[in-house]
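Colleague: Kindly return the folded structure for what I paste below:
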Amino acid sequence: MRHMPTASEPRPYRRGPMKAIWPSPARPASRRAARRADEEYGAPAVPSWRDVDWSTHVHQTTIDGTNVQYADLGEGGQPVVFVHGLGGSWQNWLENLPAVAQTRRVIALDLPGFSGSEVPHDEISISLFAHTVDQLCAQLGFGSVAVVGNSMGGFTAAEMAIRHPDRVERLVLVDAAGISTTLNRNWISERVGKVITAGGGAAKPDPNAARRIVSRPGFVQLAMGVVARYPTLLARDLVYEQMHSVGAPGFNASLQAIINYDFVDQLEKIGCPTLIVQGTEDVLVPLGDADEFARHIERSTTLILQDTGHVPMLERPNTFNRALLEFLDQDVAPDEPDAAQSPTLATDSAV
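Modeller: Modelled structure (predicted):
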């Protein structure tokens with residue numbers, strides 16, 4: 001029986017005919033609403049990404065004839081690979097890489113068509129992204145890895161676990177796309193997607209424009225209000241670093257790839273332990289999608305973060321990092337699914 005929310009709980013999906021067009025019932029918060037945020041929201045992670053000389057950790061490689069940029073930090077332990085979402089870049093994980101790199105080697109790449117990576121020669125697709133990440137792991141000499149993906153990156157990470165199961169030993173889906181984008185696809189939603197793409201890839205990345213945005217709270221709210229719950233509470237330099245893929249040439253094709261690819265009936269093939277992280281106030285990916293991922297992936301557990309938007313790894317990095325490291329540290333017997341993860345919902349009510 002599906003859990004029905006009480007009056008005090010967030011709804012998993014929007015009601016009525018609008019569900020097919022924009023399924024999340026969450027709405028962007030106002031700048032004024034940020035006064036209600038708790039102290040943990042936007043608190044910087046320790047250790048700080050600002051203490052890292054990133055110029056020595058960012059590299060280029062060639063995969064299938066396409067230049068791909070990635071950051072490489074830390075050593076030892078099982079490698080952890082971070083995959084950004086639509087319009088993102090490896091800098092989406094700045095608040096998380098140093099913490100995880102204390103005990104493991106971490107990799108965060110720019111997907112083809114975004115930030116420092118070239119547009120691929122082949123057609124952009126979720127499967128191509130999964131292939132790219134798998135090939136990067138192979139080039140770096142990795143065997144099995146943990147893969148952490150946000151939004152479209154979660155879609156990509158899950159696709160990796162389906163197509164390259166020997167590569168993905170652990171999976172972390174952070175407000176992952178791939179459920180409602182498929183289940184609610186129709187002629188209306190596809191046209192809405194075309195309207196979004198009409199402007200999404202038009203502008204060229206402009207560092208000066210990014211500096212102007214972060215200099216004004218109103219501009220920050222406008223630029224990131226659909227992504228973060230309270231964007232004006234995020235550090236300005238962190239917000240600036242999120243803008244490397246504004247106007248990325250791969251944006252339009254990637255959005256169409258999200259809308260047009262259906263892998264829901266393949267999710268049962270994911271056999272590795274999976275952590276599903278979801279913000280209750282995600283405007284882009286509805287809370288109900290986390291339930292659907294958990295329903296389809298047997299060895300999964302779910303962490304729901306209250307009063308959090310689409311990018312919990314930036315909004316609540318300390319909570320996110322603790323949960324991620326705890327998940328990565330679990331000693332799991334591969335032939336004992338019940339020992340790996342409980343399918344019950346784990347809600348972080350403290351935030």
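Colleague: Could you report the separation of Ala228 from Asp331?
Modeller: To Asp331, Ala228 is 34 Å away according to C-beta to C-beta, to the nearest Å. C-beta coordinates here come from the backbone N, C-alpha and C atoms, glycine included.
Colleague: quick one: which of those two has more around it?
Modeller: Between Ala228 and Asp331, Ala228 has the larger neighbour count (other C-beta atoms under 10 Å), namely 30 against 6.
Colleague: residues contacting the closest residue to the more buried one other than its chain neighbours?
Modeller: Once flanking residues are discounted, Ala228 sits nearest to Gly309: 4.8 Å by C-beta to C-beta, 6 or more residues apart in numbering. Counting by C-beta atoms under 8 Å, 6 or more residues apart in numbering, Gly309 makes contact with Ala26, Val227, Ala228, Arg229, Gly279, Glu281, Asp282, Val283, Glu315.
Colleague: do that again at 7 Å, thanks
Modeller: Each residue near Gly309 by C-beta atoms under 7 Å, 6 or more residues apart in numbering is listed here: Val227, Ala228, Arg229, Gly279, Glu281, Asp282, Val283, Glu315.
Colleague: go on, Pro112?
Modeller: Contacts of Pro112 (C-beta under 7 Å, 6+ apart): Thr66, Val68, Glu118, Val119, Pro120, Ile124, Thr132, Gly250.
Colleague: Which helix or strand contains the residue nearest to Val168 when sequence neighbours are not counted?
Modeller: Nearest residue to Val168 in three dimensions, chain neighbours excluded: Ala161, at 4.3 Å (C-beta to C-beta, 6+ apart). Secondary structure assignment for Ala161, by DSSP states H and E: helix 152-163.
Colleague: Looking at that helix now, give me its mean pLDDT.
Modeller: Averaging pLDDT along helix 152-163 gives 98.
Colleague: cool, stretch 330-339 as well?
Modeller: The average pLDDT for stretch 330-339 rounds to 58.
Colleague: again with stretch 179-194
Modeller: The model assigns stretch 179-194 a mean pLDDT of 60.
Colleague: Would you check how far apart Arg36 and Gln221 are?
Modeller: 15 Å.
Colleague: Which residue of these two possesses the greater neighbour count?
Modeller: For Arg36 versus Gln221, neighbours defined as other C-beta under 10 Å are more numerous around Gln221 (18 against 10).
Colleague: Next up, phi/psi of the residue lying closest to that one once chain neighbours are set aside, please.
Modeller: Sequence neighbours aside, Arg31 is the residue nearest to Gln221 in space, at 5.1 Å (criterion: C-beta to C-beta, 6+ apart). When read as degrees, to the nearest 10, the backbone of Arg31 gives phi -60, psi -40.
Colleague: I'd assumed Leu233 was in contact with Arg31.
Modeller: No: using C-beta atoms under 7 Å, Arg31 makes no contact with Leu233, being 9.8 Å away.
Colleague: Give me the nearest residue to the residue nearest to the spatial centre of the chain, chain neighbours excluded.
Modeller: By C-alpha atoms, centre = their mean, the mean C-alpha position of the chain lies nearest to Asn150, the distance being 0.8 Å. Once flanking residues are discounted, Asn150 sits nearest to Val174: 4.2 Å by C-beta to C-beta, 6+ apart.
Colleague: Under the pLDDT cut-off, which ranges of the stretch 51-200 of the chain? List them.
Modeller: Under the criterion pLDDT under 70, the flagged ranges of the stretch 51-200 of the chain are 183-200.
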